[in-house]
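Peer 1: make a model of this:
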Amino acid sequence: VIGSTYPWYEAMAVKYGAKEVTIIEYSNRPSTIEESGPVKLEYIKPDKIGKRKFDVCFSISSAEHDGLGRYGDPIDPNGDLKSMKKLKKLLKREGLLYLAIPTGRDMVFYNSHRVYGPVRFPLLIEGWKLIEKYGFDQLSFNNDYNEKNTPYQPVCVLENK
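Peer 2: Residues are numbered from 1 along each chain as shown. Sure thing, here's the model as predicted:
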């Protein structure tokens with residue numbers, strides 16, 4: 001799980017059979033659960049991953065923040081695209097990435113997040129195989145999003161090809 005504030009997705013992974021759950025997070029997060037029965041939950045910073053490979057990754061409302069500095073990451077206009085390339089290296093071949101990002105017209109709300117539309121979205125998933133989309137269609141790019149409303153965040157399932 002990338003950048004998880006609350007352990008909802010971790011709980012789902014455990015419910016459906018995960019024996020280990022690793023949460024990759026820029027900020028310091030105390031592990032509230034070091035060992036919970038047979039399931040290991042671990043928080044680590046991105047620079048501590050090493051050569052580990054994962055079967056499945058969840059990036060839920062995370063990629064859109066990369067490179068904007070909000071969560072302690074370095075400023076980089078292409079930080080989101082670079083993060084997606086790094087995720088390919090973390091996942092085993094044919095591993096799955098569940099990706100939820102805000103969609104609408106392409107824009108950046110510095111230093112908060114990006115919204116992905118017809119220009120930036122294809123760049124974000126370049127090199128991945130799109131397996132499935134939930135709550136997503138071309139109309140998602142027409143959402144009129146601003147700082148006062150909640151962005152629409154469909155989920156895409158991507159395969160590391």
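
Peer 1: quickly list what residue 58 is bridged to.
Peer 2: In this entry, residue 58 is beta-bridged to residue 98, by DSSP bridges.

Peer 1: buried residues, the longest helix anywhere in the chain. List them.
Peer 2: For the chain, the helix with the greatest residue count under DSSP state H is helix 79-90. Within helix 79-90, the residues scored as buried using 16 or more other C-beta atoms under 10 Å are 79-81, 83-84, 87-88, 90. C-betas here are computed from N, CA, C, even on glycine.

Peer 1: for that helix, what is the distance to the chain centroid?
Peer 2: Helix 79-90 sits 10 Å away from the centroid of its parent chain (C-alpha atoms, centre = their mean, to the nearest Å).

Peer 1: still on that earlier bit, of all the buried residues of helix 79-90, which comes closest to residue 117?
Peer 2: residue 80 (13.4 Å; C-beta to C-beta).

Peer 1: my guess is that closest one contacts residue 114. True?
Peer 2: Yes. Taking contacts as C-beta atoms under 8 Å, residue 80 lies within contact range of residue 114: 6.2 Å.

Peer 1: shared neighbours of the two, anything?
Peer 2: Shared contacts of residue 80 and residue 114, defined by C-beta atoms under 8 Å, 6 or more residues apart in numbering, are found at 64-65.

Peer 1: picking that back up, could you dump the buried residues of helix 79-90 into TSV and include distance to residue 59 and pLDDT?
Peer 2: Listed next are those as TSV, based on distance: C-beta to C-beta, whole Å; pLDDT from 0 to 100:
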residue	distance to residue 59	pLDDT
79	13	96
80	10	96
81	13	97
83	8	92
84	8	95
87	7	92
88	12	94
90	10	92
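
Peer 1: among the residues you listed, which one lies nearest to residue 161?
Peer 2: Here the nearest of those to residue 161, counting by C-beta to C-beta, is residue 88; it sits at 8.9 Å.

Peer 1: once you drop chain neighbours, what's closest to that closest one?
Peer 2: residue 160 (5.4 Å; C-beta to C-beta, 6 or more residues apart in numbering).
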